[in-house]
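Q: model this:
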Amino acid sequence: MDKPSTLLVHFDKGSAAMANEIKADLEGSDVAAKVEAMKRAVMLLLNGETLPTLFITIVRYVLPSEDHTIQKLLLLYLEIIDKRDAAGRVLPEMILICQNLRNNLQHPNEYIRGVTLRFLCRLSEPEVLEPLVPSILENLEHRHHFIRRHALSAISAIYRLPQGDQLIPDAPELVERALASEQDASARRNAFVMLCLCGTERAVAYLLSNAERVMEWPDLLQMAAVDLIRKVCRPPNRADKGRYIKIIFSLRSSPSTAVLYECAGAIVSLSSAPTAVRAAAETYCQLLSSQSDNNVRLILLDRLNELHTSHRDVMVDVVMDVLRALASPNLDVKRKVLDLVLDLLTLRNVEEVVLYLKKEVVKTQSGELEKGGEYRQMLVQAIHACAVEYPEVAGSVVHLLMDFLGDTNVAAAVDVVLFVREIIETNPKLCVSMIQRLSDTFYQIRASRVCSIALWILGEYSLSLSEVESAIATIKQCLGDLPFFTISEEGESADSSKPAQPVVNSVTVSSRRPVVLADGTYATQSAATEAISTPSVTPGSLASTLNLRSLILSGDFFLAAVVAYTLTKLVLRLEEVQPSKVEANKACTGALLVMTSILQLGLSSYLPQPIDNDSYDRIVLCVRLLCNTGDDVRRIWLQSCRQSFAKMLAEKQFRETEEMRAKAQISHAQPDDLIDFYHLKSRKGMSQLELEDEVQDDLKAATGGFTKETDDANRLNRILQLTGFSDPVYAEAFVTVHHYDIVLDVTVVNRTKETLQNLCLELATMGDLKLVDRPQNYTLAPESSKQVRANIKVSSTETGVIFGNIVYETSNVMERSVVVLNDIHIDIMDYISPATCADVTFRNMWAEFEWENKVAVNTVIQDEKKFLNHVIKSTNMKCLTPPSALDGECGYIAANLYAKSVFGEDALVNISIEKQVDGKLSGYIRIRSKTQGIALSLGDKITLKQKGGS
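A: Numbers count the residues shown, from 1 in each chain. Take a look at the predicted model:
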């Protein structure tokens, strides 16, 4: 890192003792031994050895060799050795090399000439290059394109040196003449790039004079042309920008995918006209469908996402082209495509999008797709989002999705049933057909959680007499014959040393880890079973239609309580719609028989685990209710539950609307947008694209789009004082935090009257931080300052510390002086940002993550909501608990917070607090994450900030 290097080879087996062996091999006549010796010499030099005595040996024994491999290794050796002495003068030995290089440049073998010219591109000593210039220029007219190609590169490198215009003053003219007559693609590209760097006007003139033939150029030259246009059109309000945009538009039909990608990027950077943006989007979509590499597809989707942020109206037109990328087998690509498409939905395209997604769902049934279950879940979530935003499309997909209620992928089945629950409330017209379909397909459901939600739907939305009777019959059919066991079976189970198991797939009822519920509290045993276990029955077996019986016999009494609740609601509704009291009483008796059979099963020794108290109390409540029903209780059961669900959906819709409104307020446009009558603008022979582009530029200029504002106050907040004002060396640092690295711009001021020599800024890090640069020594004049930059790489979300000191020497004191610097603490808040996730996802992650940090609440804040808002603000997290759940004054709060780091790590926080009699708050804040660093760092941050300080 101390000096520039053009070559890097790792070699850990060398030592200075090898120098004598290398010297002996070089002096011998064996060519193979010389080659190996030169390789070892090069690698030793690259790893810090000096080998001072080797140069003369190489001049005597290696220079005259005619072997091509040895000549190539010789050039590598000359490339990496020090060519100047301590005073900065060129070593006299280098004069011996000049003649050899001149001979190589006139060598009859093309390879020797080519590698020598390539070597000259890396030389920066004018004294060595000056005598070689005539020979280099002669190679411009060589018959072989390999020589001409490298000659042009050498001329470009020499001309760009600090004194290069004196070595070859007419280089741009020579290269321009060579470019006009050159036929080789690489040579033409090298010549054009040289003109772009050293003679932009000549390059522009060449490009414009060949504008009609750009499509015939080789792709290397086309790429260079696009780079030139970007460079030339960088300044705003360039008058002739339209001519360059036309050239880029013509390159969109190039067969090279690299050229197409660069053209699309250049179009967007040069113009914000709708025609230009549409052309760029179409180009990206064309590449998206033609490329098979998943990394390329992800990059293209990122570019399309950037276009969507600033040009959503234009991107809406290409949404179907983006959807075709779902043909990729990669789930990350599919996920990005669906996220992008959902942001581009409008009334015009939603039906097409939903129809395409519907076809994709059907494809997942074939079983040919890898990870088809996960893909189906993503599609269900996407269709759900479409139907929520545009309810009119729900009817075309809901019946198809209901076929997947019995999906083996439990997560996909849960998404389907949640979708059905929401659609049946928001689309009353579909209610009758959906209830009938649910009754017909209920027996296919295999997952306990899906059964619970489906039962709730049947209980709430079966309104007519036929629907209620059908729902009761369906539930009884899935429960099978009662009772669930006989007395003899219970006796056999109790007497045997190994209790008999029911003829179903058994599951573990208890969970080692507590499960957090949506309100932040910990679940009971049966609720934990419901959330984690997924008992199933083999389709086609004798018990395949008795799904409720199988799940209850596996010990799932939470589901048994849901069955009791559903039957109670259905019986109460039947009493209202059934004119015959006899039939109503018969249904009530049948429901009571089911409930008592469940209680009998739970209290028996037939199952290894008895019924839990919560489920027992709920079932007993249902029994009492059916035996004695009042009007108030009937209204609560038949109306209030549904009203609460409708209110929950309304609040969810309101939150989403508010978030969209908040995003819409962050607009880059002015409140009063201008109406530009571009038809009245002077056309002067301009095309439609040029006209649109000029209008957009005028609008940008009028609204300040070309001016870049800087937040000076924010910059001042990031300046940290590292030393005291009375120290001989004053230092302060400006800290810039990017996603994966930290840049320290340190200003060092010499406050003494003496020159400070070998001044070095030494830094060290603690945590997952890594210093990139090796410290360098500087000489600082009296009362002068120096800017020192340090780069630090960040590998994980963790609070890190940077500490160090400044070491220097003065002429009067022989010992080195040290000034210790203040520590720089890297805040975890720079790496995490608020994010959202579903309650189910949160609970699953809470159960999976191993690292937990438990922080006791200790604060002077006495209001629960104020404390919660203070923690949210201090930790930069998002509260997942809906505001309605936090309303009211009950003396306690349980809330879930969530954030995501730039490295993709999840941070989960659960706050459970209550107000004591004396007014103080008590409770705990639990942080869980996959890695230890983020859990500890967030805990420290909360401990520091929770008292209510700044």
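Q: what about the stretch 1-150 of the chain, any weak spots by pLDDT?
A: By pLDDT under 70, the weakly predicted segments of the stretch 1-150 of the chain are 1-17.
Q: quick one: Ile913 is in a helix?
A: No. Read with DSSP: H, G, I helix; E, B strand; the rest coil, Ile913 is strand and lies in no helix.
Q: Is it correct that Lys231 is in contact with Val193?
A: No. In this structure, Lys231 is not within contact of Val193 by C-beta atoms under 8 Å, at 11.3 Å. For glycine as for every other residue, the C-beta is placed from the backbone atoms N, C-alpha and C.
Q: Same drill for these two, tell me which one is more crowded.
A: The neighbour comparison of Lys231 against Val193 (other C-beta atoms under 10 Å) goes to Val193, with 21 against 14.
Q: Would you mind measuring from the residue nearest to Cys451 when sequence neighbours are not counted to Leu601?
A: With C-beta to C-beta, 6 or more residues apart in numbering as the criterion, Cys451 has its nearest non-adjacent residue at 5.2 Å, and that residue is Ile445. Using C-beta to C-beta, to the nearest Å, Ile445 is found at 21 Å from Leu601.
Q: what do you get for Val788?
A: In terms of C-beta to C-beta, Val788 sits 76 Å off from Leu601.
Q: For the nearest residue to Val350 once chain neighbours are set aside, give me its contacts.
A: Nearest non-adjacent residue to Val350, counting by C-beta to C-beta, 6+ apart: Tyr390, 4.6 Å away. For Tyr390, the contacting residues are Leu345, Leu347, Val350, by C-beta atoms under 8 Å, 6 or more residues apart in numbering.
Q: now, which of those residues sits nearest Leu720?
A: Leu345 (46.6 Å; C-beta to C-beta).
Q: what number of residues lie near that closest one?
A: 18.
Q: Any chance of the backbone angles for it?
A: phi -70, psi 140 (degrees, to the nearest 10).
Q: thinking it is in contact with Cys386, fair?
A: Yes. Counting by C-beta under 8 Å, Leu345 does reach Cys386; the two are 6.4 Å apart.
Q: residues shared between the contacts of these two?
A: Common neighbours of Leu345 and Cys386 (C-beta under 8 Å, 6+ apart) are Val353.
Q: residues near Glu182, how many?
A: So Glu182, with other C-beta under 10 Å, has 21 neighbours.
Q: again with Ala224
A: 22.
Q: And the next helix or strand past the helix or strand harbouring it?
A: Using DSSP states H and E, the element containing Ala224 is helix 219-232. Heading C-terminal from helix 219-232, the first helix or strand you meet, by DSSP H and E, is helix 241-251.
Q: pLDDT of stretch 854-866, averaged?
A: Mean pLDDT, computed over stretch 854-866, is 87.
Q: An error on my part: the question was meant for stretch 437-457.
A: 88.
Q: chain center to that stretch, what's the gap?
A: 36 Å (C-alpha atoms, centre = their mean, to the nearest Å).
Q: Flag every buried residue along that stretch.
A: 437-439, 441-457 (16 or more other C-beta atoms under 10 Å).
Q: again, but for stretch 916-936
A: Those would be 921, 923, 925-931, 933-936, for stretch 916-936 by 16+ other C-beta under 10 Å.
Q: likewise stretch 780-794?
A: Across stretch 780-794, burial judged by 16+ other C-beta under 10 Å covers Leu780, Lys786, Val788, Ala790, Ile792, Val794.
Q: now swap in stretch 221-228 and tell me
A: Leu221, Gln222, Met223, Ala224, Ala225, Val226, Leu228.
Q: which other residues reach it?
A: 185, 188-189, 192-193, 196, 200, 203-204, 207, 214, 217, 247-248, 251, 254, 256, 258-259, 262-263, 266.
Q: Next step: the residues you listed restricted to helices.
A: 185, 188-189, 192-193, 196, 200, 203-204, 207, 247-248, 251, 258-259, 262-263, 266 (DSSP state H).
Q: Could you write me a PyMOL select line covering just the buried ones among those residues?
A: Here is the PyMOL command that picks out the buried ones among these, judged by 16+ other C-beta under 10 Å:
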select buried, resi 188+189+192+193+196+203+204+207+247+248+251+259+262+263+266
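Q: Listing request: residues of the stretch 551-700 of the chain with sub-threshold pLDDT.
A: In the stretch 551-700 of the chain (pLDDT under 70), the answer is 663-700.
Q: roughly how far out does the helix holding Ala224 sit from the chain middle?
A: 30 Å.
Q: Which strands or helices does the helix or strand hosting Val115 pack on?
A: Here Val115 is covered by helix 110-120, with elements defined by DSSP H and E. Here helix 110-120 touches helix 68-80, helix 94-105, helix 145-159, going by 3 or more C-beta pairs under 8 Å, 6 or more residues apart in numbering; DSSP states H and E.
Q: Apart from its neighbours in sequence, what residue is nearest Val577?
A: Leaving aside its sequence neighbours, Val577 is closest to Leu465 (4.7 Å, by C-beta to C-beta, 6+ apart).
Q: Now do the contacts for the one you found.
A: Leu574, Val577, Gln578.
Q: so where's the stretch 301-450 of the chain shaky on pLDDT?
A: Those would be 367-370, if you go by pLDDT under 70 across the stretch 301-450 of the chain.
Q: repeat that with 90
A: Across the stretch 301-450 of the chain, the ranges flagged by pLDDT under 90 are 305-319, 321-332, 339, 342-450.
Q: Please settle this for me: is Leu897 part of a helix?
A: No. Under three-state DSSP, Leu897 falls outside any helix and is assigned strand.
Q: What count of nearby residues applies to it?
A: Neighbours of Leu897 using other C-beta under 10 Å come to 25.
Q: now do the one 10 residues further on
A: Applying the criterion other C-beta under 10 Å, we find 27 residues in the vicinity of Ala907.
Q: For Ser937, see how far away it is.
A: Counting by C-beta to C-beta, the gap from Ala907 to Ser937 is 9 Å.
Q: tell me the contacts of the nearest residue to Thr408 once chain neighbours are set aside?
A: Leaving out its chain neighbours, the residue that sits closest to Thr408 by C-beta to C-beta, 6+ apart is Gly373, at 6.8 Å. Gly373 makes contact with Thr364, Asp407, Thr408, Asn409, Ala411, Ala412 under the criterion C-beta under 8 Å, 6+ apart.
Q: right, and the fifth one touches Arg376 too?
A: No. With contact defined as C-beta under 8 Å, Ala411 and Arg376 do not form a contacting pair (9.6 Å).
Q: Looking at those two, which is more packed in?
A: Between Ala411 and Arg376, counted using other C-beta under 10 Å, Arg376 has the larger neighbour count: 25 against 20.
Q: Tell me who's in contact with that one.
A: Val361, Thr364, Phe404, Asp407, Asn409, Ala412.
Q: Who is Glu824 paired with across the strands?
A: No, residue 824 isn't Glu; it's Ile. Ile802 (DSSP bridges).
Q: For the remainder of this discussion, apply numbering that starts at 390.
A: Sure, I'll start counting at 390 from here, so that last one is Ile1213.
Q: List the contacts of it.
A: Per C-beta under 8 Å, 6+ apart, neighbours of Ile1213: Leu1109, Leu1111, Ala1122, Val1124, Leu1133, Val1190, Ile1191, Phe1192.
Q: That one and Leu1133, how far apart?
A: 7 Å.
Q: okay, and the common contacts of these two?
A: Ala1122, Val1124, Ile1191.
Q: looking at this, the second one is in a helix?
A: What it means is Val1124. No. Secondary structure of Val1124 (three-state DSSP): strand, not part of a helix.
Q: if I pick it, what's in contact with it?
A: Per C-beta under 8 Å, 6+ apart, neighbours of Val1124: Arg1107, Ile1108, Leu1109, Ile1131, Val1132, Leu1133, Ile1213.
Q: Next: the first one.
A: With contact set as C-beta under 8 Å, 6+ apart, Ala1122 has these partners: Ile1108, Leu1109, Leu1111, Leu1133, Asp1134, Val1135, Thr1136, Ile1213.
Q: which one of these sits closest to Leu512?
A: Asp1134 (32.9 Å).
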